[in-house]
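1. Next comes the sequence, and after it the predicted model I'd like to discuss.
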Amino acid sequence: MAAPEVVIRVMSGSFPRFSGCNFSFRNVNGVLPIESVVKSRRKRSLFCHRGVNASRITQNGFGDLAVEGINGVALRKFEANRADSTSCKCQPARNASGISSEEESRMWFMDEADRPTSLPLNGVACTSSIDEHNKKPKLNGKSGAAGTIEYKLQDAREKMIEDEAWSLLRASVVHYCNNPIGTIAANDLSSASILNYDQVFIRDFIPSGVAFLLMGEYDIVRNFILHTLQLQSWEKTMDCYSPGQGLMPASFKVRTVPLDGDDSATEDVLDPDFGEAAIGRVAPVDSGLWWIILLRAYGKCSGDLSVQERVDVQTGMKMILKLCLADGFDMFPTLLVTDGSCMIDRRMGIHGHPLEIQALFYSALLCAREMLAPEDASADLLRALNNRLVALSFHIREYYWIDMRKLNEIYRYKTEEYSYEAVNKFNIYPDQIPSWLVEFMPGKGGYLIGNLQPAHMDFRIFSLGNMWSIVSGLTTEDQSHAILDLIEAKWDELVAEMPFKICYPALEGEEWRMITGCDPKNTPWSYHNGGSWPTLLWQLTVACIKMNRPEIASRAVKVAEKRISSDKWPEYYDTKRGRFVGKQARLFQTWSIAGYLVAKHLLANPSAANILVNEEDSELRNAFSSMINANPRKRRGWKKQSFIV
């Protein structure tokens, strides 16, 4: 089809459009079947009585929808008549800007001067859009002026991809007692093996929840927060072992089962998994941390602070904090965890103090400090929280940071230093510096290493940990810019043909066999071992917006848009440059879809990123400066004491 004809068809409304892209859930103040008072004992499953043929997963009311896709490729067919499914009760509504879909379509091809500067968020106009930073979009490496045929075609294509993504996201919504409660991990109808991809994962739902918040659809996030809270660990879950109170599940599944003694009625059951069904039987450390971060984002975006003020929510938050702040044998302020306890949920050599957990831990502590109710019972917890924040920020900034200057310092380390004045505090041997890093490290830029333990530094670059360290303020301003400088300098290695590398470089050869246990899924440059994950786009976008460098994220989104829709939204990509769809990747992966949507929305409305960003306050900054200014070689002061036996 000739280009002018395509434009005419789109502008006339005859071009295929996706339906169901502007839905509103129930009112934020809707009543949910959740008790506000915390009971001393909770059942491990939640029940809700329902009528015959009650639903557990809804396809959002889509009938047999066949839409012509981009480049002539047919999109999915949504089947609403699945067994045990009901239609979504949500009604079409005007979008976040308050305009109808017809009015919006007329705005697609307005000249830039005629367009609104930004769409309002929750009724409040946001700051300038990303176009003001980039001035003119680039088409095939060339700048194109707004209003040209090429610009309009690109704009139309991007709009179609967004519409498709919203349709797929809403098709993944799970309902519990007729209320939206989350999104399944993947909705790949072509896969014969479901495994646990039909469950709602806490870490997977975070980008979905943020996407719904940004669109003003708050109920699904509110329901998710409150129902997962009731699944919080209170009793034995794994064989005869009882994990610490406060542990949040990795995932849960909505099951529809018949009522006892009554075959004519059914009930919905929430069945959580705390790791007892996971590969390797590892409990999730990151679930509770993400839950706190999402709770804060919900309050800041919706303005509904009643949720975080509830007694059961305050209690649940304190339980998570006490679990993380508990004293143990570990001498570091970082969290000591095992392999597989976060997004990288298989053996990948990250046991110890992985960066991802530390960044989420720091962010969750800051978020919780904002939300904890001021009362006498919280005084000790707040004191411990503040102490950990200072120690954690100093530890990560000082010992996890690597750039060319620090690399030269490590190269000249003296070892076996037994004293309080030791410079090489963790007895790191210079021979640990890998050969790839010597060639990789640019003159400008740096990053936080993946892990630090006695006599061991994991020099791999883990993307989520570095990005979230920027978002949470765990890194200094200079360090944050240096991380983004590194991404720009090493674009071909970290982004290439599909953003974003989950870690770099991949483990290969004997190292892969020893560290992963010959994991056939984590082969070099695949899955967690150097694979490319589109869901990381949203964390990258938040980090770039915070540092006022959104052009980096915009460039990465443009790279993803070239393939992600035609590739059917895969879970991850393989090879060094991300050229192949992952060999075991699920298609229509929900957090790949949601990550793209969040990135697009934030680039158009940068001020909306404030619901996720943490800013370092003056007290923390002063405390950190005092620790830095102190002589690190000064002997620890202690007084001789007499002990009476």
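-> Looks like it came in fine. Residues are numbered from 1 along each chain as shown.

2. gap between Met547 and Val613?
-> With distances taken as C-beta to C-beta, to the nearest Å, Met547 is found 10 Å from Val613. (Each C-beta comes from the backbone N, C-alpha and C, glycine too.)

3. do the same with Cys544
-> For Cys544 relative to Val613 (C-beta to C-beta), the value is 11 Å.

4. likewise Phe329?
-> Phe329 is 34 Å from Val613, by C-beta to C-beta.

5. so where do the helices sit in the stretch 251-400 of the chain?
-> Along the stretch 251-400 of the chain, counting by DSSP state H, counting those that start in this stretch, helices occupy 286-302, 306-309, 311-325, 355-371, 379-395.

6. would you list those in CSV and tack on mean pLDDT and distance to Glu511?
-> As requested, those are exported to CSV (pLDDT from 0 to 100; distance: least, C-beta to C-beta, whole Å):
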stretch, mean pLDDT, distance to Glu511
helix 286-302, 98, 25
helix 306-309, 96, 45
helix 311-325, 95, 31
helix 355-371, 97, 19
helix 379-395, 94, 27
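
7. Tell me which of those lies nearest to Lys583.
-> Set against Lys583 and scored by C-beta to C-beta, the helices of the stretch 251-400 of the chain come closest in helix 355-371, at 24.0 Å.

8. What residues sit buried inside that closest one?
-> If you call a residue buried by 16 or more other C-beta atoms under 10 Å, then helix 355-371 has these buried ones: 355-369, 371.

9. what does stretch 268-284 give?
-> So, applying 16+ other C-beta under 10 Å, buried residues of stretch 268-284: 268-276, 278, 282-284.

10. Show me the residues you listed that map onto strands.
-> Within the buried residues of stretch 268-284, residues falling in strands by DSSP state E are Asp268, Val269, Leu270, Asp271, Pro272, Asp273.

11. Spell out the residue ranges of the strands in the stretch 101-250 of the chain.
-> Ranges of strands in the stretch 101-250 of the chain, per DSSP state E, counting those that start in this stretch, are 120-121, 124-125, 138-139, 142-143, 173-176, 179-183, 200-201.

12. where does this protein have low pLDDT?
-> Within the chain, the ranges that satisfy pLDDT under 70 run 1-147, 234-240, 261, 624-625, 627-645.

13. closest to Asn386 among the buried residues of stretch 268-284?
-> Nearest member of these to Asn386, counting by C-beta to C-beta, is Pro284, at 26.0 Å.

14. how close does that closest one get to Gln232?
-> Relative to Gln232, and taking C-beta to C-beta, Pro284 is found at 12 Å.

15. so when I look at Glu493, I'm seeing a strand, right?
-> No. Assessed with DSSP: H, G, I helix; E, B strand; the rest coil, Glu493 is helix; it does not lie in a strand.

16. for this protein, which helix is longest?
-> helix 149-171 (DSSP state H).

17. Run the chain-centre distance for that helix.
-> Here the centre of helix 149-171 is set off from its chain's centre by 22 Å, with C-alpha atoms, centre = their mean, to the nearest Å.

18. That helix to strand 179-183, inter-axis angle?
-> Computed by axes from the mean of the first three to the mean of the last three C-alpha atoms, to 10 degrees, the angle separating helix 149-171 from strand 179-183 equals 120 degrees.

19. What helices and strands are in contact with helix 149-171?
-> Where contact means 3 or more C-beta pairs under 8 Å, 6 or more residues apart in numbering; DSSP states H and E, helix 149-171 is packed against helix 3-12, strand 138-139, helix 550-561, helix 590-604.

20. any chance of the helices of the stretch 251-400 of the chain in TSV, plus distance to Leu486?
-> Putting the helices of the stretch 251-400 of the chain into TSV (distance: least, C-beta to C-beta, whole Å) gives the following:
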stretch	distance to Leu486
helix 286-302	24
helix 306-309	36
helix 311-325	29
helix 355-371	14
helix 379-395	20
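
21. if we compare the ones you listed, which one ends up closest to Ala455?
-> Among the helices of the stretch 251-400 of the chain, helix 379-395 comes nearest to Ala455, with 17.0 Å by C-beta to C-beta.

22. partner strands of the helix or strand just after that closest one, parallel or antiparallel?
-> Using DSSP states H and E, the helix or strand that directly follows helix 379-395 along the chain is strand 401-403. Using DSSP bridges, the strands paired with strand 401-403 in its sheet are strand 446-453 (antiparallel).
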